[in-house]
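K.L.:
No sequence on hand, only this structure:
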């Protein structure tokens, strides 16, 4: 049973400009509550017992959360300005020895995004959703076994397999899968310090399958810029509220 979650929250959030000068982008407020607190509440209600947040930009902002939620601990990534999400995950290798949910911190999502992963029998899963055209989507390419084999923001770059989903930013990673990620990244981090975790999952497809679990009609969004924030408040949050009765 997966009882740990990792939230990647080290990024600068520079595209949100003035919104993230003094706080991480996971502190964007939707209907009176920050994204990070919404995510923590959903994780705990889904049965998660331990949450590790990888911090970087404005790391001190998370201290209040650890006082509020004893299940939460922090691991700071001192190289967050010169690396990316994969290094933040790699930086936790001394604290992760079992399966875990992996989440990006700038997400607004339905709780079923978590439960579908947790209830599925496969040990390594990447959550995908219906393809949208809002901009900045990360397209997922899969082979005949539904194993992730390519990711790109340019759909035309993915031509060898099927492209039916986009990356949500929530995955389930086994202990074995994480060990392979860390071993591989240790050999390439000097040459590719800004590699994102999803690219590593795709690159490992020939040695270890990370399968894509497609969630149909999932209500969610990633908040990277002001336009995303407006859509989250006006469209996505009301849709989530309607879908789940505001179970957050």
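P.N.:
Done, it's in. This structure is a prediction, so every number in the text was calculated from the model and none was measured.
K.L.:
next structured bit after the longest strand along the chain?
P.N.:
As assigned by DSSP state E, the longest strand anywhere in the chain is strand 162-173. Using DSSP states H and E, the helix or strand that follows strand 162-173 in sequence is helix 175-188.
K.L.:
so what does that next one touch, helix or strand wise?
P.N.:
helix 85-90, helix 197-203 (3 or more C-beta pairs under 8 Å, 6 or more residues apart in numbering; DSSP states H and E). All C-beta atoms are positioned from the backbone trio N, CA, C, and that covers glycine.
K.L.:
how long is stretch 65-74 from one end to the other?
P.N.:
End-to-end span of stretch 65-74 (C-alpha to C-alpha, to the nearest Å): 10 Å.
K.L.:
how about it: buried residues?
P.N.:
Going by neighbour count (16 or more other C-beta atoms under 10 Å), the buried part of stretch 65-74 is 65, 71-72, 74.
K.L.:
from these, which two are the most distant?
P.N.:
Between any two of the buried residues of stretch 65-74, the greatest separation by C-beta to C-beta is 12.1 Å, found for 71 and 74.
K.L.:
what sits against residue 137?
P.N.:
Applying C-beta atoms under 8 Å, 6 or more residues apart in numbering, we find residue 137 in contact with 131, 153, 166-167.
K.L.:
in the chain, which ranges drop under the pLDDT threshold?
P.N.:
14, 16, 18-20, 246-248 (pLDDT under 70).
K.L.:
90 - rerun?
P.N.:
Low-confidence segments of the chain (pLDDT under 90): 11-23, 132-136, 156, 159-161, 224, 244-248.
K.L.:
most remote residue from it's center?
P.N.:
Ranked by distance from the centre of the chain (C-alpha atoms, centre = their mean), the top residue is residue 160, with 25.3 Å.
K.L.:
Is it in contact with residue 142, as I believe?
P.N.:
No - Residue 160 is beyond contact range of residue 142, at 10.2 Å (criterion: C-beta atoms under 8 Å).
K.L.:
which residues are common contacts for those two?
P.N.:
Counting by C-beta under 8 Å, 6+ apart, the contacts common to residue 160 and residue 142 are residue 149.
K.L.:
which residues touch the residue farthest from the centre of the chain?
P.N.:
Taking C-beta under 8 Å, 6+ apart as the criterion, residue 160 is in contact with 141, 149-150.
K.L.:
Can you lay out those residues as TSV showing distance to residue 83, neighbour count and secondary structure?
P.N.:
What follows is those, written out as TSV (distance: C-beta to C-beta, whole Å; neighbours: other C-beta atoms under 10 Å; DSSP: H, G, I helix; E, B strand; the rest coil):
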residue	distance to residue 83	neighbour count	secondary structure
141	25	23	strand
149	24	23	strand
150	22	19	strand
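K.L.:
hang on, the earlier thing: distance to residue 49 and mean neighbour count for the helices and strands packed on helix 175-188 - can I get that in CSV?
P.N.:
Output for those, formatted as CSV (distance: least, C-beta to C-beta, whole Å; neighbours: other C-beta atoms under 10 Å):
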stretch, distance to residue 49, mean neighbour count
helix 85-90, 20, 25
helix 197-203, 23, 22
